[in-house]
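Enquirer: Fold the following and give me the result.
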Amino acid sequence: MVGTVRGHEVRLFEKKLKALFDRIDVELEEEWGDEYPLHPARAEAGTVGNPEHEGLFSLGASFSAGFGSAHGRGYVMEIRLATLADVPGPVLQQIRDHVGRRCGELLPEYFPDRDLDVVRENDTFKITGDLSLR
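Expert: Got it, this is the predicted structure:
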């Protein structure tokens, strides 16, 4: 029974995290969505009903146990662009920085009862802090 409760708590946490990323995804589409052509197999933004599967951007996070990380366990943020166009490195970095900053700003709104932070590890961002199952 403990595994079921833990699994439920993880699903609730990750559902909130997806809502946070969906919100940032919509913001990215508004600001940069017309800058590059969509991959031919990708649906236009706002047509599928799931920002993760439509438009130029796909955001998410995967849990990492944090072995070898100075920041320990956390959720490593994934930022992908669905285009065949060559996106310059500085533009990619600007988008990554925007996502990291907005995520840090929105975490207290989506997780008011947790002390979470966004940290940078090399070229990626990670959500760390109170990831306890309650």
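Enquirer: The chain: strands as residue ranges?
Expert: For the chain, the strands defined by DSSP state E cover 57-64, 74-81, 116-121, 124-129.
Enquirer: now those strands as a markdown table including mean neighbour count, mean pLDDT and distance to Glu29?
Expert: Placement of C-beta: from N, CA and C, glycine included. Output for the strands of the chain, formatted as a markdown table (neighbours: other Cβ atoms under 10 Å; pLDDT from 0 to 100; distance: least, Cβ to Cβ, whole Å):
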| stretch | mean neighbour count | mean pLDDT | distance to Glu29 |
| --- | --- | --- | --- |
| strand 57-64 | 18 | 93 | 6 |
| strand 74-81 | 19 | 94 | 11 |
| strand 116-121 | 16 | 94 | 21 |
| strand 124-129 | 20 | 95 | 19 |
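Enquirer: closest one to Pro40 among those?
Expert: Closest of the strands of the chain to Pro40 is strand 74-81, at 14.1 Å (criterion: Cβ to Cβ).
Enquirer: Roughly how far does the nearest residue to Arg114 once chain neighbours are set aside sit from Leu116?
Expert: Ranked by Cβ to Cβ, 6 or more residues apart in numbering and with sequence neighbours excluded, the top spatial neighbour of Arg114 is Asp130, at 4.3 Å. Distance of Asp130 to Leu116, given as Cβ to Cβ, to the nearest Å: 6 Å.
Enquirer: hang on, the earlier thing: surely the residue nearest to Arg114 is in contact with Asp115?
Expert: Yes. Taking contacts as Cβ atoms under 8 Å, Asp130 lies within contact range of Asp115: 4.8 Å.
Enquirer: Asp130 versus Pro42, what's the distance?
Expert: Not Pro; residue 42 is Arg. Between Arg42 and Asp130 the computed distance is 35 Å (Cβ to Cβ).
Enquirer: And the two? Which one has more around it.
Expert: Arg42 (18 against 11; other Cβ atoms under 10 Å).
Enquirer: check contacts around the nearest residue to the more buried one once chain neighbours are set aside.
Expert: Of all residues not flanking Arg42 in the chain, Ala82 sits nearest, at 4.2 Å (Cβ to Cβ, 6+ apart). Going by Cβ atoms under 8 Å, 6 or more residues apart in numbering, Ala82 touches Leu38, His39, Arg42, Gly55, Leu56, Phe57, Ser58.
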